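Trainee: got a structure for you, letters missing:
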């Protein structure tokens, strides 16, 4: 349950999310947890994750042990990093790679966005990698966010303003999303 968005416009990239964590019908609002942010910074990369709250700890652990930050400059570089990461997820972090019997590959069980000076990217559970030219959203509030950002994209000049509108729509209509919003912007190369 989440609303996570990325937006690219006028030389800026922005990643934004709401801060609610839910466990079934139990909600943990931002006021009750020390680190409610769904977006983490590693080097010049902002990474936002949806899915299990444990994914944040796994990603933080991985990057805290990384001597040299990977350069996520394009889809292939990101794909190769996550392809090499998958065995570590299974062996060191006890990832259950089984998602659906019909899946052609083992699942990493996480969907995430990367925003950095090279652009905005989506990484999905079967290691599909997308690069976005305008905006995208994932999580339970994504349909609302996509519609709102579509309506706002040509009306606003700043990537962060568009991103916040998307997350606000998720908060308004999705019961798995709640304020406050966090947003981070970077200058594009």
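Mentor: Thanks, I have the structure now. All values derive from a computational prediction rather than experimental measurement.
Trainee: which stretches of the protein form strands?
Mentor: Taking DSSP state E as the criterion, the chain contains strands spanning 4-9, 12-18, 21-23, 26-28, 39-42, 45-50, 111-116, 119-123, 129-132, 135-138, 181-187.
Trainee: The fifth one - which strands sit beside it in the sheet, and in what orientation?
Mentor: Sheet pairing here is set by DSSP bridges, and for strand 39-42 it gives strand 45-50 (antiparallel).
Trainee: what sits up against the strand it pairs with?
Mentor: 2, 4, 6, 15, 17, 38-41, 55-56, 59, 69, 72, 110-116, 138-139, 184, 186 (Cβ atoms under 8 Å, 6 or more residues apart in numbering). From N, CA and C alone the C-beta is placed, and that goes for glycine too.
Trainee: I'd like the mean pLDDT over it, please.
Mentor: Mean pLDDT, strand 45-50: 96.
Trainee: Quick one: distance of that strand to the chain centre.
Mentor: Its chain's C-alpha centre and that of strand 45-50 lie 4 Å apart, by Cα atoms, centre = their mean, to the nearest Å.
Trainee: okay, now residue 13: neighbour count?
Mentor: 26 (other Cβ atoms under 10 Å).
Trainee: What pLDDT does the model give it?
Mentor: Reported pLDDT for residue 13: 99.
Trainee: can you pull the buried residues of stretch 117-128?
Mentor: Residues of stretch 117-128 classed as buried by neighbour count (16 or more other Cβ atoms under 10 Å): 118, 119, 120, 121, 122, 123, 125, 127.
Trainee: now, among those, which is nearest to residue 28?
Mentor: Among the buried residues of stretch 117-128, residue 125 lies closest to residue 28 (Cβ to Cβ), at 23.6 Å.
Trainee: pretty sure the closest one is in contact with residue 109, am I right?
Mentor: Yes: in this structure, residue 125 is within contact of residue 109 by Cβ atoms under 8 Å, at 5.8 Å.
Trainee: Check which residues of the longest helix seen in the chain are buried.
Mentor: Counting by DSSP state H, the longest helix found in the chain is helix 75-92. Neighbour-count burial for helix 75-92 flags 75, 78, 81, 82, 85, 86, 89 (criterion: 16+ other Cβ under 10 Å).
Trainee: Which two among the residues you listed are spaced furthest apart?
Mentor: Taking Cβ to Cβ, no two of these sit farther apart than 75 and 89, at 19.8 Å.
Trainee: what about the closest residue to residue 27 other than its chain neighbours, neighbour count?
Mentor: Excluding its sequence neighbours, the residue lying closest to residue 27 (Cβ to Cβ, 6 or more residues apart in numbering) is residue 20, at 6.0 Å. Look at residue 20: counted by other Cβ under 10 Å, it has 25 neighbours.
Trainee: cool, residue 140 as well?
Mentor: Residue 140, neighbours per other Cβ under 10 Å, totals 17.
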